[in-house]
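Just to be clear, the model below is a prediction. Sequence and coordinates:
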Amino acid sequence: MTDKATAYLAAGVARVWVVDARAQTITTFQPQAVPITYRGDRAIADDHLPGLHLTPQELFKRAGLT
């Protein structure tokens, strides 16, 4: 997945989120930055989405995966 995320960034995509339902994590990729993996109740932060308040725990619960 990292290779695909890197390819999308190289093509000009501003953000790539990789959602892993098994591990219940969300990894965010952005240009010129180290990927960040979120899990549990750690809120996802992104300058492109200033009003965003979402945790992996909330996302997977809403999706019925917990």
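Received the coordinates, thanks. Numbers count the residues shown, from 1 in each chain.

List the buried residues for the strand or helix carrying Ala7?
Assigned by DSSP states H and E, Ala7 belongs to helix 2-10. Neighbour-count burial for helix 2-10, counted by 16 or more other C-beta atoms under 10 Å, picks out Ala5, Leu9. Where you see a C-beta, it was placed from the backbone N, CA and C, and this is true even at glycine.

What of stretch 18-33?
Using 16+ other C-beta under 10 Å as the burial criterion, the residues of stretch 18-33 that qualify are Gln24, Thr25, Ile26, Thr27, Thr28, Phe29, Gln30.

picking up where we left off before, now the next helix-or-strand element following the helix holding Ala7: how far from the chain's centre is it?
Scanning forward in sequence from helix 2-10 by DSSP H and E, the next helix or strand is strand 16-20. Its chain's average C-alpha position is 5 Å from that of strand 16-20, according to C-alpha atoms, centre = their mean, to the nearest Å.

Could I get the CA-only coordinates of strand 16-20 as PDB?
C-alpha atoms of strand 16-20 as PDB (Å, rounded to 0.1, in the frame of the first residue of the first chain):
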ATOM      1  CA  VAL A  16      -3.800   9.600   0.900                       C
ATOM      2  CA  TRP A  17      -5.500   7.700   3.700                       C
ATOM      3  CA  VAL A  18      -4.900   4.000   4.000                       C
ATOM      4  CA  VAL A  19      -7.600   2.400   6.200                       C
ATOM      5  CA  ASP A  20      -6.700  -1.100   7.600                       C
END
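
Quick one: work out the angle between that strand and helix 2-10.
Relative orientation of strand 16-20 and helix 2-10, computed by axes from the mean of the first three to the mean of the last three C-alpha atoms, to 10 degrees: 160 degrees.

Check which helices and strands strand 16-20 sits against.
Contact analysis of strand 16-20 by 3 or more C-beta pairs under 8 Å, 6 or more residues apart in numbering; DSSP states H and E lists helix 2-10, strand 25-29 as its packing neighbours.

any chance of those in TSV, with distance to Tyr38 too?
Output for the helices and strands packed on strand 16-20, formatted as TSV (distance: least, C-beta to C-beta, whole Å):
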stretch	distance to Tyr38
helix 2-10	15
strand 25-29	5
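
What's the separation between Ala21 and Lys4?
17 Å (C-beta to C-beta, to the nearest Å).
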